[in-house]
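Student: Here is my input; please provide its structure:
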Amino acid sequence: MVLLKGFVKPEDQIGMVCMCQQLGKGPGGFYRPSFKNGAKPNLWMMSLGKERDPTLRSYGPTRPFDGAQAPTIPDAFKMIAQTANSTASEFPQINPDICIVNYYTNSGKLGLHQDKDESESSLTKGLPFISISIGDTAEFLFGDTRDQDQATKINLESVTFSYSVENQDSLFHGVSHVKTNTAPSWLKEETGMRPGRINLTFRQY
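Tutor: Okay, the predicted model is just below:
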């Protein structure tokens, strides 16, 4: 995994938050997902480009519970992600056609998990995921197992890029908690963003 701290300009951070707020209120916007056992994670999500079904762990044009189509990934989002991808020369380039947007409130968290829902071709090539964090700082966990006590812990501030090559031996990763009142004051003033953290993960199916 590679971290690029402070990569996104403040004006671009503001633009991304405002666009997520706009898209999140429309068709295909933010909702609280549920797993097969009925449990709900402590976050809200929205899929751009392709709709992700967390229950079936698959992608499609619409989401099953309301038939809403996934909004298009804004060109400005793609440009920022691909510029960061070019900066991290260790990884192959991707043309993102999926962006998963998660909004974590101050009580938000996500257990350790692996991401293996992309196409066999994408996984075989070891194409990276590009993750952007905006807002309050979160403690990010990653490791070789699902054991949280054995996981490495790092703070993802606003804004941090992380790249992790996802394949059949992909890392377990998650968010243990969000640290309150850690977002930049100018970000809150310009966007009216509620306490919490927005994470955008770009993928190529």
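Student: If you count neighbours, what's buried in stretch 81-90?
Tutor: 81-82, 84-85, 88 (16 or more other CB atoms under 10 Å). Quick note: C-beta positions are derived from backbone N, CA and C, even for glycine.
Student: Name the nearest of those relative to residue 98.
Tutor: Distance to residue 98, by CB to CB, is smallest for residue 81 among these, at 11.0 Å.
Student: Counting by contacts, list what the helix or strand that the closest one is a member of packs against.
Tutor: Applying DSSP states H and E as the criterion places residue 81 in helix 75-87. Contacts defined by 3 or more CB pairs under 8 Å, 6 or more residues apart in numbering; DSSP states H and E place helix 75-87 against helix 10-25, strand 128-135, strand 197-203.
Student: Give me the nearest residue to residue 14, chain neighbours excluded.
Tutor: Nearest-residue entry for residue 14: residue 190, 4.8 Å, with adjacent residues in sequence omitted and distances by CB to CB, 6 or more residues apart in numbering.
Student: immediately after the lowest-mean-pLDDT helix or strand in the chain, which helix or strand?
Tutor: Every helix and strand in the chain was compared by mean pLDDT, DSSP states H and E; the lowest is strand 160-165, with a mean of 58. Counting by DSSP H and E, the next helix or strand C-terminal to strand 160-165 is strand 172-178.
Student: for the protein, which spans come out with low pLDDT?
Tutor: Scanning the chain for pLDDT under 70 picks out 113, 116-117, 119, 123, 159-170.
Student: re the thing from before, need the buried residues of stretch 81-90 in TSV with distance to residue 3, can you?
Tutor: Output for these, formatted as TSV (distance: CB to CB, whole Å):
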residue	distance to residue 3
81	15
82	18
84	11
85	14
88	9
